[in-house]
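Colleague: 3D model of this:
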Amino acid sequence: MGYVTYDYYKSIYGEDSIPETDFNRLSWEACRKVDALTLNKLKFAFPTNEDDAEAVRRCVCKLIEIAGQIEAANKRVTEGQGYITDESGALRGKVVSSVSSGSESISYTAKAEQSTEIDEAARDPEKREKLYRDTVREYLSLVPDSNGVNLLYAGIPYPRRNAPISRPPEDKPVEKPTEPEES
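Modeller: Next up is the predicted model:
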């Protein structure tokens, strides 16, 4: 099901690319999102035009990048709230490692109240899904599949150009049964 390889992804994002282990996990999820939003058309009608196929690959890469940024934002928030992740992956509260009582000193960190689209998507699942949908729409609008049907077309039935034409039953001529001749 993978529409992109790690080498392809790395050629697009270069130094900013995520590690291959994260890529393997996130690419599967990105492909599932694209398949869901295109109603699985890519499984049976992947675009044959190279520009259209490139749009699909770049869309998946962008979804992988967004998912990686959302994970990083969640990790920053978790670490900023006084939690750490131990070797087993469990969250643990940070422990005070030293206290000095000679000259008391209290420090506060000022947190900027700026919020990026990624930060908002990390906090709100609805905004995250909207970001994914908008990204797929941005990359795949007006991109046809191998049958010439827009990948984002959601009408029923799917208008396959190469499919045989079938008529509804009422349009077919009715054959009258013939009676056997008497001999």
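
Colleague: Number of residues surrounding residue 16?
Modeller: Residue 16 has 10 neighbouring residues, counting by other CB atoms under 10 Å. In this view, the C-beta of every residue, glycine as well, is placed from N, C-alpha and C.

Colleague: How about the one 4 residues further on?
Modeller: Applying the criterion other CB under 10 Å, we find 12 residues in the vicinity of residue 20.

Colleague: Dihedrals phi and psi, it?
Modeller: Main-chain dihedrals, residue 20, degrees, to the nearest 10: phi -60, psi -30.

Colleague: Distance check, residue 38 against residue 59.
Modeller: As for residue 38, its distance to residue 59 is 10 Å (criterion: CB to CB, to the nearest Å).

Colleague: now swap in residue 32 and tell me
Modeller: Counting by CB to CB - residue 32 and residue 59 are separated by 13 Å.

Colleague: for residue 67, same thing?
Modeller: 13 Å.

Colleague: Likewise for residue 123?
Modeller: 24 Å.

Colleague: quick one: low-confidence ranges for this structure?
Modeller: 1, 78-115, 159-183 (pLDDT under 70).

Colleague: can you do 90?
Modeller: Across the chain, the ranges flagged by pLDDT under 90 are 1-2, 13-17, 43-45, 72-124, 146-149, 154-183.

Colleague: ranges for the helices of it?
Modeller: Ranges of helices in the chain, per DSSP state H, are 6-13, 20-37, 41-45, 50-80, 117-123, 125-140.

Colleague: if we can go back for a sec, so which of residue 67 and residue 59 has more stuff around it?
Modeller: Comparing residue 67 with residue 59 by other CB under 10 Å, the one with more neighbours is residue 59, at 25 against 22.

Colleague: Tell me who's in contact with the more buried one.
Modeller: Residues in contact with residue 59 (CB atoms under 8 Å, 6 or more residues apart in numbering) are 34, 135, 136, 139, 140.

Colleague: Look at the residue lying closest to it once chain neighbours are set aside and say how many residues are nearby.
Modeller: Spatial nearest neighbour of residue 59, excluding adjacent residues (CB to CB, 6 or more residues apart in numbering): residue 139 at 3.5 Å. Applying other CB under 10 Å, we find 20 other residues in the vicinity of residue 139.

Colleague: Residue numbering should commence at 44 henceforth.
Modeller: New numbering, starting at 44: the last item is residue 182.

Colleague: check contacts around residue 182.
Modeller: By CB under 8 Å, 6+ apart, the neighbours of residue 182 are 98, 99, 101, 102, 105.
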